[in-house]
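Asker: need the 3D shape of this:
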Amino acid sequence: MKIITNIAEMKKISKDLKKSSRRISFIPTMGKLHNGHVKLIEKGKEYGDVIVSIFVNPAQFGPDEDFNNYPRDFENDSKILKDLNIGYLFHPAADIVKNTETFLIDPEYSNRLEGVFRPAHFQGVLTIVMKLFCIINPDFAFFGLKDYQQYILIKKMVEDYFLDIEVMPVPTVREKCGLAMSSRNAYFNEDDKKIACNFYKSLKKTADLFKAGETSGEKLTVSTIKELIKSGFKIDYLKIMDKGLNIEKQSVEAGDILLAAARFKGVRLIDNIFFE
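Answerer: As a prediction, this is how the structure comes out:
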């Protein structure tokens, strides 16, 4: 596996792959790889030569967030990627965002849900993802659906700028108890993690209520909020929206999505579930 830190070198490698009629699957990550990332990589292999990036993006962290403490393990990440027979790992230096004066933002969609609690988050995400897209010029880019709002925003960005990139959604990979896999799960000890598993279990109960015939958005959200509070979660938001995240649903239909963010033992969790 070739580890590339230089932007010009990464651009040349991508151009050479394209010249030889190779298709590029790109998986952007912040490292501390887990089985969710592995699933993205395996999916990417089905479509082309895989390039993985590891970059903990300071532009998407707020001033009181965990940038300095964010889990990092480059040595183990490199081993995982080598074992997966990945050809290229792009590991750019921090100057990929240094002195940036032009930022991307979607003023409508970025100010909902996550954007209310992390005001500059999506500006940082969209800007760095666009930079990575410009460097690597992939044919396909893969994103997990745990970060559903991020997926929607990146898909919109690609469409708005007429990029020849297909944004590929990949279902959330979960631990046995249902907790969505996340690098931040490393913050939990084993006892706290068992309780954290109630986050997704509460969302699943709400989805089951819908299957049983309840369609009131208010009743479904109130039920979930009660479950989460009972388990000790502090809720940032919990909303039911259409799959395009355009409107909050009062009368819930199949295909709508319940999105939630909550804190437990100082760790912020996000997750979602579709109503079927």
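Asker: so which bits of the helix ranked longest in the chain are buried?
Answerer: Determined from DSSP state H, the single longest helix within the chain is helix 121-136. Buried residues in helix 121-136, counted by 16 or more other CB atoms under 10 Å: 121-133, 135-136. All C-beta atoms are positioned from the backbone trio N, CA, C, and that covers glycine.
Asker: which SS state does Leu238 fall under?
Answerer: The local conformation at Leu238, judged by DSSP: H, G, I helix; E, B strand; the rest coil, is strand.
Asker: that one against Ala260, yeah?
Answerer: Yes: between Leu238 and Ala260 there is a contact under CB atoms under 8 Å: 4.4 Å.
Asker: what do these two both touch?
Answerer: 224, 228 (CB atoms under 8 Å, 6 or more residues apart in numbering).
Asker: which one of these two is surrounded by more residues?
Answerer: Neighbour totals were compared for Leu238 and Ala260, and Ala260 leads with 26 against 21 (other CB atoms under 10 Å).
Asker: quick one: that one is in a helix?
Answerer: No: assigned with three-state DSSP, Ala260 falls outside any helix and is strand.
Asker: now it: how far from Pro28?
Answerer: 24 Å (CB to CB, to the nearest Å).
Asker: and for Pro63?
Answerer: Distance check for Pro63 against Pro28: by CB to CB, it reads 23 Å.
Asker: of the two, who's got more company?
Answerer: Between Pro63 and Pro28, counting by other CB under 10 Å, Pro28 is the more crowded of the two (23 against 6).
Asker: hang on, the more buried one packs against Ala141?
Answerer: Yes: judged on CB under 8 Å, Pro28 makes contact with Ala141 at a distance of 7.2 Å.
Asker: ok, the residue nearest to Pro71 when sequence neighbours are not counted - contacts?
Answerer: Among residues not flanking Pro71 along the chain, Lys32 sits closest, at 4.0 Å (CB to CB, 6 or more residues apart in numbering). Going by CB under 8 Å, 6+ apart, Lys32 touches 70-73, 77, 183, 186.
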